[in-house]
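Novice: What follows is a predicted protein model with its sequence.
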Amino acid sequence: MEYLDLTPYTYTDSALPMTSIGWLGSEHGVQGPAGAPLAGTELEELRGASRRICNVALGFHTCEFCGTVEGNGEYRYYLPDERTYAAPAMILHYVDTHAYRPPRQFLEGLGAAARPRWDRRADFLRAVLLDRTADLIWRAEAAVDLSQWDDRRAFDALRQVLADDLLIDCGGDEIGRSLIAFAERDYAAGLDWDALPPMVLDGIAHPGDDLHFVRPVGPDA
Ligand SMILES: [Zn+2]
C-alpha cells in the first residue's frame with residue numbers, strides 16, 4: 001500500500017482518525033527531502049516511539065525499493081498536536097536503508113510521543129476497550145495502544161478486560177504485552193500475575209514477538 005505523507009489514513013477502518021506516514025512505494029518513491037537522512041536524536045526518537053506493532057494483516061508487503069525486506073503491521077504515534085499517525089512497520093527500514101525522512105511536523109512531536117499525556121484519545125481508546133459491543137479488532141488494537149500512556153486508567157482498563165473471554169481469545173497475548181508496561185508501578189502490585197489467562201501469560205513471555213513482522217525476504221518467508 002502506498003499513500004502520501006500527511007494524508008488521512010485509509011488503509012483499514014480504525015477507531016480513531018489517523019494520518020499516514022511512511023507508506024512508501026514505487027509510484028511516489030521515497031517521499032520527503034532528499035539528502036537529509038535521519039540521525040542522532042531524531043533517529044533515536046523515532047525508534048523510541050515505534051513501540052508496538054498492531055493491525056497485522058494476512059500478507060507481508062515487500063519493500064518496493066530493494067526487494068530484500070518485507071513487513072506486516074503498523075506503528076501508531078500519539079503526538080501532542082492531537083494527531084495520531086500510522087506508519088507501516090517498514091518505516092524503520094525505509095529510514096535506515098532508503099534515507100526516508102518523515103515530515104517535520106511529525107518529527108518534532110516524536111519525543112513527546114514516547115510518553116503521551118492522558119487525553120481524549122486515551123479516553124476514547126479506553127471506552128472502546130471496555131465496550132463489549134465494539135468491534136473485537138478495534139478493542140484488541142486499543143489494548144495495544146493504551147500501553148503507550150503511563151497512566152493508571154490504562155492499566156485499570158486492561159485489568160478489567162481480563163475476565164472478557166472473547167477478547168482474551170482474540171488478543172490475550174497483546175494484552176499481556178501491554179500489562180508489562182505497568183509492571184513496575186505501585187498500583188500494579190495487586191495483580192496476581194501467575195493467575196492470568198494462558199494467552200495473556202504467553203504474551204508476557206514473548207514481549208518482542210511482534211518485531212518479527214519485519215524480516216528478510218527469503219525462501220522460508
Ligand atoms: Zn528496502
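Specialist: That came through fine.
Novice: in the longest helix belonging to the chain, what counts as buried?
Specialist: Criterion DSSP state H: the longest helix present in the chain is helix 165-180. Within helix 165-180, the residues scored as buried using 16 or more other Cβ atoms under 10 Å are 167-168, 170-179. The way it works is simple: take the backbone N, C-alpha and C, and place the C-beta from them, glycine included.
Novice: could I have that helix exported to CSV, CA atoms only?
Specialist: Output in CSV follows, covering the C-alpha atoms of helix 165-180 (Å, rounded to 0.1, in the frame of the first residue of the first chain):
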residue,chain,number,x,y,z
ASP,A,165,-13.0,-14.4,27.5
LEU,A,166,-13.9,-13.4,23.9
LEU,A,167,-11.4,-10.6,23.9
ILE,A,168,-8.7,-12.7,25.6
ASP,A,169,-9.1,-15.3,22.9
CYS,A,170,-8.7,-12.7,20.2
GLY,A,171,-5.9,-10.6,21.7
GLY,A,172,-4.8,-12.0,25.1
ASP,A,173,-1.1,-12.1,24.1
GLU,A,174,-1.3,-8.4,23.2
ILE,A,175,-3.0,-7.6,26.5
GLY,A,176,-0.1,-9.4,28.2
ARG,A,177,2.4,-7.3,26.4
SER,A,178,0.5,-4.2,27.4
LEU,A,179,0.4,-5.2,31.1
ILE,A,180,4.2,-5.5,31.2
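Novice: farthest-separated two in the buried residues of helix 165-180?
Specialist: 170 and 179 (16.0 Å; Cβ to Cβ).
Novice: which residues touch residue 53?
Specialist: Applying Cβ atoms under 8 Å, 6 or more residues apart in numbering to residue 53 gives the contacts 72-75, 89, 210-211, 213.
Novice: try residue 154
Specialist: So residue 154 contacts 122, 126, 146-147, 178, 182 (Cβ under 8 Å, 6+ apart).
Novice: hmm, try it at 6 Å
Specialist: By Cβ atoms under 6 Å, 6 or more residues apart in numbering, residue 154 lies in contact with residue 146.
Novice: Centre of the chain to the helix or strand harbouring it, how far?
Specialist: Assigned by DSSP states H and E, residue 154 belongs to helix 152-160. Helix 152-160 sits 18 Å away from the centroid of its parent chain (Cα atoms, centre = their mean, to the nearest Å).
Novice: residue ranges of the strands in this protein, please?
Specialist: All strands of the chain, identified by DSSP state E, fall at 19-20, 61-62, 69-71, 74-78, 84-88, 214-216.
Novice: For residue 161, find the nearest of the ones you listed.
Specialist: strand 74-78 (19.2 Å).
Novice: mind saving the C-alpha coords of the closest one as PDB?
Specialist: Provided in PDB are the C-alpha atoms of strand 74-78 (Å, rounded to 0.1, in the frame of the first residue of the first chain):
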ATOM      1  CA  GLU A  74       1.900  -0.800  11.700                       C
ATOM      2  CA  TYR A  75       3.100   1.600  14.400                       C
ATOM      3  CA  ARG A  76       0.900   4.300  15.800                       C
ATOM      4  CA  TYR A  77       2.200   7.500  17.300                       C
ATOM      5  CA  TYR A  78       0.100   9.700  19.600                       C
END
